[in-house]
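**Student:** return atomic coordinates for the entry below.
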Amino acid sequence: MNIETEIKSILKTHQLDIGYANKLIAKNISVEINTGNLIAVIGVNGSGKSTLLKTLTGDLSPKKGEIYLQQKNITELNTAQLSHFISVVLTDTQFSHNLNVEELVALGRQPYTNWLGQLSKNDKLEINKALQLLEIEEKSLSKCSDLSDGQLQKVLLARAIAQNTPLIFLDEPTTHLDLYHKIFVFKLLKKLTRQTEKAIVFATHEINLALQLCDQIILVNKGEIIQKTPEELIKSNLLQELFPKDLVAFDASSKSFRVL
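**Tutor:** Numbers count the residues shown, from 1 in each chain. Okay, here's the model as predicted:
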């Protein structure tokens, strides 16, 4: 991202409480997502990461408080309008594996096509731009069923880029990937935020990588949700309290968790 680019708020919460059914997960949440930021949502299993993401994307109604997308209250936006602000990449995304890469990426243009689903010249430009950005042009005619997990993750990201929203949410984008490809995806996400100025928010268990590569961390822990830079989070000592201390501990000097 150009250092002269004005940093703008895309999403901001006000006194937000989240939960589902009769269960309250966290309250009085204050988070802000700005252009060009890579933000990881971390926490132990069952802490509420998915509930937070579902609430921020409009899939789950807040228990209390407001969510603003570029100064617009999310409750005032219908599904079609919301799709112009937010794109979502899920680990269990359902699609026909008979589609080729270009066809799957083209699904990102659905919010802009007519009722026949016809692609305009601009739609095709956005699709090609996304394929180029993810460096998968040579795979454009390949069947999605023939792709590796890592390649498929790039295609799903390209679909989100083609949707051309200022904000992208991902749920566990490195699931099923080996260490090399986990790092590859993290660095790819970082590059995309810099090249497109979009904000990318993703839930992850790869805390060590998130601390090294993300601009901001949202920590979900014991009913509290806190947003800080990696450096601020490390200095706060909150990571030392994240897991039971019998097997793992956080080492501030190496900025990583280690086995005891």
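**Student:** restricting to C-alpha, output stretch 225-242 in PDB.
**Tutor:** C-alpha atoms of stretch 225-242 as PDB (Å, rounded to 0.1, in the frame of the first residue of the first chain):
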ATOM      1  CA  ILE A 225     -12.600  -9.200  22.700                       C
ATOM      2  CA  ILE A 226      -9.500  -7.000  22.400                       C
ATOM      3  CA  GLN A 227      -7.900  -5.500  19.400                       C
ATOM      4  CA  LYS A 228      -4.200  -4.600  19.400                       C
ATOM      5  CA  THR A 229      -1.100  -4.500  17.200                       C
ATOM      6  CA  PRO A 230       1.000  -7.700  17.600                       C
ATOM      7  CA  GLU A 231       3.600  -5.600  19.500                       C
ATOM      8  CA  GLU A 232       1.000  -4.200  21.900                       C
ATOM      9  CA  LEU A 233      -0.500  -7.600  22.400                       C
ATOM     10  CA  ILE A 234       2.900  -9.200  23.300                       C
ATOM     11  CA  LYS A 235       3.600  -6.300  25.800                       C
ATOM     12  CA  SER A 236       0.200  -6.700  27.400                       C
ATOM     13  CA  ASN A 237       1.000 -10.200  28.700                       C
ATOM     14  CA  LEU A 238      -2.500 -11.400  27.600                       C
ATOM     15  CA  LEU A 239      -1.000 -14.200  25.500                       C
ATOM     16  CA  GLN A 240       0.500 -15.700  28.600                       C
ATOM     17  CA  GLU A 241      -3.000 -16.300  29.900                       C
ATOM     18  CA  LEU A 242      -4.400 -17.800  26.600                       C
END
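**Student:** so for it, what gets flagged as buried?
**Tutor:** For stretch 225-242, burial by neighbour count (16 or more other Cβ atoms under 10 Å) applies to Ile225, Ile226, Gln227, Pro230, Leu233, Ile234, Leu238, Leu239, Leu242. Any C-beta I mention is one placed from the backbone N, CA and C, and that applies to glycine too.
**Student:** mind listing residues that contact it?
**Tutor:** Here stretch 225-242 makes contact (Cβ atoms under 8 Å, 6 or more residues apart in numbering) with 26, 29-32, 39, 43-44, 48, 52, 207, 210-212, 214-219, 221, 249-250, 252, 255, 257.
**Student:** looking at those residues, which are in helices?
**Tutor:** Counting by DSSP state H, the contacts of stretch 225-242 place Leu52, Ile207, Ala210, Leu211, Gln212 in helices.
**Student:** could you dump those into CSV with distance to Thr165, neighbour count and pLDDT added?
**Tutor:** Below are the ones in helices among the contacts of stretch 225-242 laid out as CSV (distance: Cβ to Cβ, whole Å; neighbours: other Cβ atoms under 10 Å; pLDDT from 0 to 100):
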residue, distance to Thr165, neighbour count, pLDDT
Leu52, 19, 25, 96
Ile207, 27, 22, 95
Ala210, 22, 22, 96
Leu211, 27, 21, 96
Gln212, 26, 15, 94
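**Student:** can you tell me which of those residues is nearest Leu90?
**Tutor:** Leu52 (14.8 Å; Cβ to Cβ).
**Student:** now distance to Leu116, secondary structure and pLDDT too, for the buried residues of stretch 225-242, in TSV please.
**Tutor:** Formatted as TSV, the buried residues of stretch 225-242 follow (distance: Cβ to Cβ, whole Å; DSSP: H, G, I helix; E, B strand; the rest coil; pLDDT from 0 to 100):
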residue	distance to Leu116	secondary structure	pLDDT
Ile225	43	strand	96
Ile226	47	strand	96
Gln227	43	strand	98
Pro230	47	helix	96
Leu233	49	helix	96
Ile234	53	helix	94
Leu238	52	coil	92
Leu239	52	helix	93
Leu242	50	coil	90
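**Student:** pick the one among those residues closest to Asp123.
**Tutor:** Closest approach between the buried residues of stretch 225-242 and Asp123, by Cβ to Cβ: Gln227, at 35.1 Å.
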